[in-house]
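> Structure of the sequence below:
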Amino acid sequence: MNAAAKAIDFPGEKLYTIGTVSKLTGVGAITLRAWERRYGLIQPVRKESGHRLYTRGHIDEINRITALTRQGIRISQISPEMLQSDPVDEGSEGEEKSVWKEYLNGMISAIISYDEERLEEIYNEALALYPIGIVTSRLLTPLLVELGLRWESGQGGIGEEHFFAFYLRNKLGARYHHQARGNTGPRILIAGLPKEHHEIGLLLFALAAMESGYRVLSLGANMVLEELWDIAQKTDSQAIVLSGA
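A predicted model of the protein is given here:
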C-alpha cells in the first residue's frame, strides 16, 4: 500500500477516502457511487459528515468487480455473494460477454441511423457502470474498428465515421477537462506524432491514466517532436507517450 495513501484510522480498522480508493483501484469515484447507489455492491462506512470511507475489504471487492466486468459480466448480474467467492479467472470469457456485444450493436445501429440521442443513452450507461479503461477495450476500440471495416467494405459511408468521431471527441474532451485535478501520481506528457491529426486515442489514454492517479499533460495532435524533451523537463514529466496510426 502506498504510504502516501490518505487513510483514516478507526479502532481495529483503517479507512480510506473515495479519492484514495479510486487511485488504488483505477475505478473512478463516479463509478463507485453508481455501483453503490444502483446495485448496493459496495457499502462504504459513512462519517457523520456523510463522507464515504472504505476498508481494505472494500478495495478487494472493487478489484473483484473489475475482474468480473472484464469478462463482460453485467454489473446487474453481480451479487454480493459473488464478491466473496474465489477470484475469477480472467482468461475464461464466458457467455456474459454478450453485454458488450449488445452495447456494440446498439451503438452501431445508432450511428447508422445518426441517432445521437440513442448513442448518448448507451454511452452514458456504459461509462456510469464501468471504468473508462474497460469501456475503451471492450466497446470503444472494437466500435472504431467495426466502423473502419464497414467503410472499407462499402457497407458504411465516411459520414458514419465522421459523425461518431465528432461525437466521441467532444464527449471525451469534456470528460478530460471535467476530470478531477487532484491526482498526485507521476506526470505523463502525451502528444500525437507529426502528421497525426486524430486525438481520440490520446484522449482515451489520458482518461485511463488519470483514473489510475496519474497527472496528464496533453499537447494534442501533430506535435513537433523536437520540443518534447524541453517541455518534459520544464513540467517534470516522468514519461512521454506518443500516439500515431
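> Ignoring the adjacent residues along the chain, who's closest to the residue nearest to the spatial centre of the chain?
For the chain, residue 132 is the residue whose C-alpha lies nearest the centre (C-alpha atoms, centre = their mean; 1.2 Å). What sits nearest to residue 132 in space, not counting adjacent residues and going by C-beta to C-beta, 6 or more residues apart in numbering, is residue 207, at 4.7 Å. To be clear about C-beta, it is placed using only N, CA and C from the backbone, and glycine gets the same treatment.
> correct me, but the one you found touches residue 179?
Yes. Counting by C-beta atoms under 8 Å, residue 179 is a contact partner of residue 207 at 6.8 Å.
> Compare the two (neighbour count), which wins?
residue 207 (23 against 17; other C-beta atoms under 10 Å).
> how near is residue 116 to residue 160?
13 Å (C-beta to C-beta, to the nearest Å).
> same check, this time on residue 114
8 Å.
> cool, residue 75 as well?
Taken as C-beta to C-beta, the span from residue 75 to residue 160 is 29 Å.
> if we can go back for a sec, residue 114 and residue 160: which is more packed in?
Each of residue 114 and residue 160 had its neighbours counted (other C-beta under 10 Å), and the higher figure belongs to residue 160 (18 against 12).
> what residues are up against that one?
111-112, 147, 150-151 (C-beta atoms under 8 Å, 6 or more residues apart in numbering).
> out of those residues, who's nearest residue 47?
Taking C-beta to C-beta as the measure, residue 47 sits nearest to residue 111 out of the contacts of residue 160, at 44.8 Å.
> need the contact list for that closest one.
119, 147, 160, 163-164.
> List the buried residues in the host helix or strand of residue 176.
Using DSSP states H and E, residue 176 sits within helix 158-178. For helix 158-178, burial by neighbour count (16 or more other C-beta atoms under 10 Å) applies to 160-161, 163-164, 167-168, 171-173, 175-176.
> just stretch 62-72 next, same as before
Neighbour counts over stretch 62-72 (16+ other C-beta under 10 Å) mark 62-66, 68-72 as buried.
> what does stretch 219-226 give?
Applying 16+ other C-beta under 10 Å to stretch 219-226 flags 219, 221, 223 as buried.
> Where is pLDDT lowest across the residues you listed?
Of all the buried residues of stretch 219-226, residue 221 carries the smallest pLDDT score, 89.
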